[in-house]
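using only what follows, build the 3D model:
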Amino acid sequence: MSSRAVVCRKEWMLQPDREPDAEPTTYAMQCAVCGESSPTSSDFTEPQEWVFEHGGRNPTHHTYREIISRPWRAWWKQ
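Okay, the predicted model is just below:
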């Protein structure tokens, strides 16, 4: 008895998930000096306001990181 393998090559596609049921894109900011982070929000203005408040309370904290969580979807091309 001989064994036989079937190999199927598929081309995959990847794109941001913009379907109605996709998770929302969320934003946060993190202070690069102390590591404290803003709350996560689907509206960027909230983390941005946090930066101004945090910088006001900590005048030497001038550098921040933007943290974005964006849903993606992958599927194979037929």
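
quick one: the strands in this structure?
11-16, 26-31, 64-69, 72-77 (DSSP state E).

the first one pairs with which strands?
Looking back up the chat, that one is strand 11-16. Looking at strand 11-16 with DSSP bridges, its partner strands are strand 72-77 (antiparallel).

the strand it pairs with - what's its average pLDDT?
Mean pLDDT, strand 72-77: 90.

quick one: it to chain centroid distance?
On the basis of Cα atoms, centre = their mean, to the nearest Å, strand 72-77 sits 17 Å off its chain's mean C-alpha point.

got a list of contacts for it?
Residues from elsewhere that reach strand 72-77, judged by Cβ atoms under 8 Å, 6 or more residues apart in numbering: Lys10, Glu11, Trp12, Met13, Leu14, Gln15, Pro16, Asp17, Glu19, Ala22. The way it works is simple: take the backbone N, C-alpha and C, and place the C-beta from them, glycine included.

how near is the residue sitting nearest the centre point of the chain to Val33?
For the chain, Ser69 is the residue whose C-alpha lies nearest the centre (Cα atoms, centre = their mean; 1.7 Å). Distance of Ser69 to Val33, given as Cβ to Cβ, to the nearest Å: 23 Å.

check pLDDT for the contacts of strand 72-77 and point me to the minimum.
Among the contacts of strand 72-77, Lys10 has the lowest pLDDT, at 84.

residue contacts, His62?
Counting by Cβ under 8 Å, 6+ apart, His62 touches Val33, Gly55.

if we use 10 Å, what do you get?
By Cβ atoms under 10 Å, 6 or more residues apart in numbering, the contact set of His62 is Cys31, Ala32, Val33, Gly55.

low-confidence stretches in this structure?
Residues of the chain that meet the criterion pLDDT under 70 lie in 1, 6.

residues near Asn47, how many?
Residue 47: Pro, not Asn. Neighbour count for Pro47, taken as other Cβ atoms under 10 Å: 21.
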